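>>> build me a model from this:
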Amino acid sequence: MGGLNLMIEIKKINFDDSELINSLSELISVSFQQEKPEIDFLKKNIFCEDSNLQSLVLGAFDDKKLVGCNAFISNDFHLNGKEVSCFQSCWSATHPNFQGRGIFVSIQNEAKKILSNIGATLIYGLPNDQSHPIFISKLDFFEIECLFTRIPNIPFLRNAWINYLPSFNKAEENTLVTQEKQISKFKCRDDSKITEINERGSFLWGKFEVRKKFNFKIKIFNIGGIYINDQKDFRGIIHQLFSLDCHFIEIYSCKLNQCNKFFNHWNISSTQNFIFYGLDNEAQKIIHFNLMMGISDTF
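Presented below is the predicted three-dimensional model:
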């Protein structure tokens with residue numbers, strides 16, 4: 001299989017192989033100079049039980065030694081009246097002794113073949129500074145800017161950030177819509193602090209974070225995702241959102257997310273962009289990408 005070095009082989013990692021998974025934990029530990037992640041931790045953060053297709057983890061092997069890896073988390077989306085499966089590229093690691101040998105590129109190219117063959121629609125991610133140029137220049141991913149806004153939870157100010165009556169059609173053609181309840185449930189497996197807001201058929205979720213500034217503790221609610229079933233539900237969702245015990249509400253969202261029109265005062269994020277690689281004809285038609293930061297494995 002792929003690889004710039006003829007000795008390198010790319011193949012799937014079987015989580016039933018305890019010895020191999022121990023090697024995976026060791027690789028992540030060495031690559032990121034941190035403690036070994038537990039096997040259960042890896043499973044909880046990679047495999048979404050509710051998704052239609054199973055997540056994929058690929059390894060790069062030099063002879064029989066695991067020297068590189070990348071996970072592709074499977075989640076379901078709605079697109080043009082049907083469910084589609086998309087995979088998030090994340091949990092990437094290369095052993096320090098094998099960096100610069102094209103292992104990351106080889107794994108990504110093998111994933112494209114495998115995921116295309118099983119009917120996936122696209123691969124996406126929120127890459128770091130190291131992987132971002134590789135995705136764009138060597139792997140033909142395209143990128144969409146990430147926007148952010150920070151809303152002060154102060155009664156006489158906060159409504160300036162809200163647009164209660166935008167034109168909105170949840171079933172607009174060629175719109176990729178995250179199944180936010182699936183994502184929220186997935187995150188809850190490892191984070192009991194996830195907060196959900198329901199308003200009839202609409203849904204918002206996120207989590208709290210405390211930051212220190214000038215010896216003050218600032219409580220922020222980070223919105224992970226929003227799904228609006230009916231425009232009339234939005235006012236009720238915002239009422240519940242502003243009832244939360246926090247000083248600010250923070251949102252990071254894909255620039256082509258339809259739900260952005262419900263909020264004002266957006267800025268371009270200087271640290272994050274969304275990237276995408278289409279695997280089928282449906283992916284080439286997508287106009288709107290209804291994704292927010294909660295989809296990221298690091299949220």
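>>> how about Ala120, secondary structure?
Under DSSP: H, G, I helix; E, B strand; the rest coil, Ala120 falls in the coil class.
>>> Asn14 should be in a helix, yeah?
No - secondary structure of Asn14, determined by three-state DSSP: coil, with no helix assignment.
>>> and the closest residue to it other than its chain neighbours, how many neighbours?
Among residues not flanking Asn14 along the chain, Leu20 sits closest, at 6.4 Å (CB to CB, 6 or more residues apart in numbering). Any C-beta I mention is one placed from the backbone N, CA and C, and that applies to glycine too. Neighbour count for Leu20, taken as other CB atoms under 10 Å: 15.
>>> surely Leu20 is in a helix?
Yes - judged by three-state DSSP, Leu20 forms part of a helix.
>>> mind checking how far stretch 103-120 is from the chain centre?
Here the centre of stretch 103-120 is set off from its chain's centre by 18 Å, with CA atoms, centre = their mean, to the nearest Å.
>>> my bad, should have said stretch 162-172
23 Å.
>>> picking that back up, quick one, what contacts the residue nearest to Asn14?
Contact partners of Leu20, counting by CB atoms under 8 Å, 6 or more residues apart in numbering, are 13-14, 59, 66.
>>> may I ask which helix or strand of the chain has the lowest mean pLDDT?
The weakest-scoring helix or strand in the chain, judged by mean pLDDT, DSSP states H and E, is helix 39-46 (a mean of 90).
>>> next, the buried residues of it.
42, 44-46 (16 or more other CB atoms under 10 Å).
>>> circling back to that earlier point, separation between the residue nearest to Asn14 and Gly100?
Remark: distance between Leu20 and Gly100 (CB to CB, to the nearest Å) = 24 Å.
>>> can you pull out the helices in the stretch 51-200 of the chain?
103-117, 132-137, 155-158, 180-188 (DSSP state H, counting those that start in this stretch).
>>> give the closest residue to Thr264 in space, chain neighbours not counted.
Quick fix: residue 264 reads Asn, not Thr. Closest to Asn264 by CB to CB, 6+ apart is Trp161, at 5.2 Å.
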